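Student: this is a predicted model, with the sequence first.
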Amino acid sequence: MKKLAVVAIGGNAVNRPGEKPTAENMFKNLEQTAAFLVRMLDEFDIAITHGNGPQVGNLLVQQDIAKDKIPPFPIDVNDAQTQGSLGYMIAQSLKNELKKHGKDLQIAAVVTQIVVDKDDPAFKNPTKPVGPFYSEEEAKKLAEEKGWVIVEDAGRGWRRVVPSPKPLDIIEKDVIKLLLQNDIIVIGAGGGGIPVVKENDIIKGVEAVIDKDRASALLAKEIGADVLIILTGVEKVCLNFGKPDEKPLNIIKVSEAKKYLDEGHFPKGSMGPKIEAAIDFVESTGKECIITDMKALDRALRGETGTRIVKE
């Protein structure tokens with residue numbers, strides 16, 4: 001029996017820093033990503049998750065430019081659009097790579113809705129920047145007209161911020177399980193999933209952004225994954241990252257991960273959410289999480305590199 005893995009691919013798997021976000025560049029990067037993922041398939045069945053922050057941001061910029069001709073869509077609809085487009089690109093790249101290796105597996109990209117609590121404290125404290133930058137005058141006007149929360153963003157201009165609530169449930173979890181049981185590679189929970197709330201069993205999209213790694217941990221728990229793999233831009237998680245006394249970590253117990261998190265080693269904008277997701281998955285299941293760079297994935301799966309988060 002193969003093991004089941006949820007593989008969360010980072011933004012650099014789709015767009016490299018400083019690179020133009022063209023479809024051509026995205027396909028080129030995803031071809032390389034697919035080559036690493038295919039190597040897993042002799043040992044693992046996989047469900048793939050991905051980010052979509054830059055892609056949703058670009059859509060919001062496009063919609064802002066065209067707003068006088070075409071009404072902009074809410075964030076949940078933009079999430080769905082980018083789940084579809086990125087799911088297509090990942091599936092096609094993976095299918096082509098599978099053919100090179102003589103494998104004929106089926107792939108399904110599932111547009112995934114994730115339930116959040118309408119009373120989540122995050123809705124009273126929006127923190128996630130999205131979309132274009134505005135002048136102070138534009139920002140005040142939009143805040144008044146649309147009820148948006150808009151804040152000054154590090155001297156670069158004014159920007160909308162939205163809530164980042166905790167993911168609680170996956171609407172399509174049974175569909176994803178069924179696909180995996182039939183040896184189909186699944187791409188799901190893209191960009192953290194489409195945030196929805198339930199009111200009297202009625203589902204409704206909300207203006208929010210769910211953290212991709214937290215959603216990946218939830219998916220891994222729901223489908224009974226044996227391992228959660230979070231791919232990022234570094235081979236190992238480090239203490240004092242980027243400093244002279246930087247210390248790479250091989251194996252971290254959950255208790256140690258919590259301690260390092262409390263000590264501020266893992267910033268909220270980078271490694272923090274990944275460590276939180278790892279803690280959530282490992283503590284809930286007793287399984288392990290691996291955090292590493294995609295290029296080191298083979299060696300990490302053999303235990304030669306990467307950072308493993310384990311229960312105790």
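Tutor: Thanks, I have the structure now.

Student: Phe281: which element?
Tutor: Take DSSP states H and E as the rule and Phe281 turns out to sit in helix 272-285.

Student: direction included, what does whichever strand or helix holds Thr292 pair against?
Tutor: Applying DSSP H and E as the criterion places Thr292 in strand 288-293. Sheet pairing of strand 288-293 (DSSP bridges) gives strand 227-232 (parallel), strand 307-310 (antiparallel).

Student: nearest residue to Arg16 in space, please, no chain neighbours.
Tutor: Asn29 (6.4 Å; C-beta to C-beta, 6 or more residues apart in numbering). Every residue, glycine included, has its C-beta placed from N, CA and C.

Student: so the one you found makes contact with Val14?
Tutor: Yes. Counting by C-beta atoms under 8 Å, Val14 is a contact partner of Asn29 at 5.8 Å.

Student: in terms of neighbours, single out the busier of those two.
Tutor: Val14 (23 against 19; other C-beta atoms under 10 Å).

Student: pull out the buried residues from the helix or strand harbouring the residue nearest to Arg16.
Tutor: Assigned by DSSP H and E, Asn29 belongs to helix 23-38. For helix 23-38, the neighbour count (16 or more other C-beta atoms under 10 Å) marks 26, 29-30, 33-34, 36-38 as buried.

Student: now tell me what touches that helix from outside.
Tutor: Residues from elsewhere that reach helix 23-38 (C-beta atoms under 8 Å, 6 or more residues apart in numbering): 7, 9, 12-16, 19, 46, 48, 89-90, 92-94, 96-98, 101, 103, 294-295, 297-298.

Student: next SSE downstream of it?
Tutor: Next element after helix 23-38 (DSSP H and E): strand 44-50.

Student: which neighbours does that next one have in its sheet, and in what orientation?
Tutor: strand 3-9 (parallel), strand 185-187 (parallel).

Student: okay, the angle between it and helix 23-38?
Tutor: 150 degrees (axes from the mean of the first three to the mean of the last three C-alpha atoms, to 10 degrees).

Student: tell me the residue furthest from the middle of the protein?
Tutor: Distance to the chain centre peaks in the chain at Glu137, reaching 33.1 Å (criterion: C-alpha atoms, centre = their mean).

Student: for that one, pull up the helix or strand it's in.
Tutor: Per DSSP H and E: helix 136-146 holds Glu137.

Student: buried set for that helix?
Tutor: Here helix 136-146 shows 139, 142-143 as buried, counting by 16+ other C-beta under 10 Å.

Student: nearest to Asn182, of the residues you listed?
Tutor: Leu142 (46.9 Å; C-beta to C-beta).

Student: for the closest one, which non-adjacent residue is closest in space?
Tutor: That would be Trp148: by C-beta to C-beta, 6+ apart, it lies 5.5 Å from Leu142.

Student: please list all residues in contact with Pro54.
Tutor: Pro54 makes contacts with 11, 14-15, 21, as judged by C-beta under 8 Å, 6+ apart.

Student: put the alpha carbons of the helix or strand harbouring it into PDB.
Tutor: In this structure, Pro54 sits in helix 53-65 according to DSSP H and E. Taking Å, rounded to 0.1, in the frame of the first residue of the first chain, the C-alpha atoms of helix 53-65 are listed here in PDB:
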ATOM      1  CA  GLY A  53      -2.000  35.100  -3.700                       C
ATOM      2  CA  PRO A  54      -0.100  36.800  -6.600                       C
ATOM      3  CA  GLN A  55      -2.700  35.600  -9.100                       C
ATOM      4  CA  VAL A  56      -5.700  36.900  -7.100                       C
ATOM      5  CA  GLY A  57      -3.800  40.100  -6.600                       C
ATOM      6  CA  ASN A  58      -3.200  40.500 -10.400                       C
ATOM      7  CA  LEU A  59      -6.900  39.800 -11.000                       C
ATOM      8  CA  LEU A  60      -7.900  42.500  -8.500                       C
ATOM      9  CA  VAL A  61      -5.500  45.000 -10.300                       C
ATOM     10  CA  GLN A  62      -7.000  44.100 -13.700                       C
ATOM     11  CA  GLN A  63     -10.500  44.500 -12.300                       C
ATOM     12  CA  ASP A  64      -9.600  47.800 -10.700                       C
ATOM     13  CA  ILE A  65      -8.400  49.200 -14.100                       C
END
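
Student: good, wrapping up.
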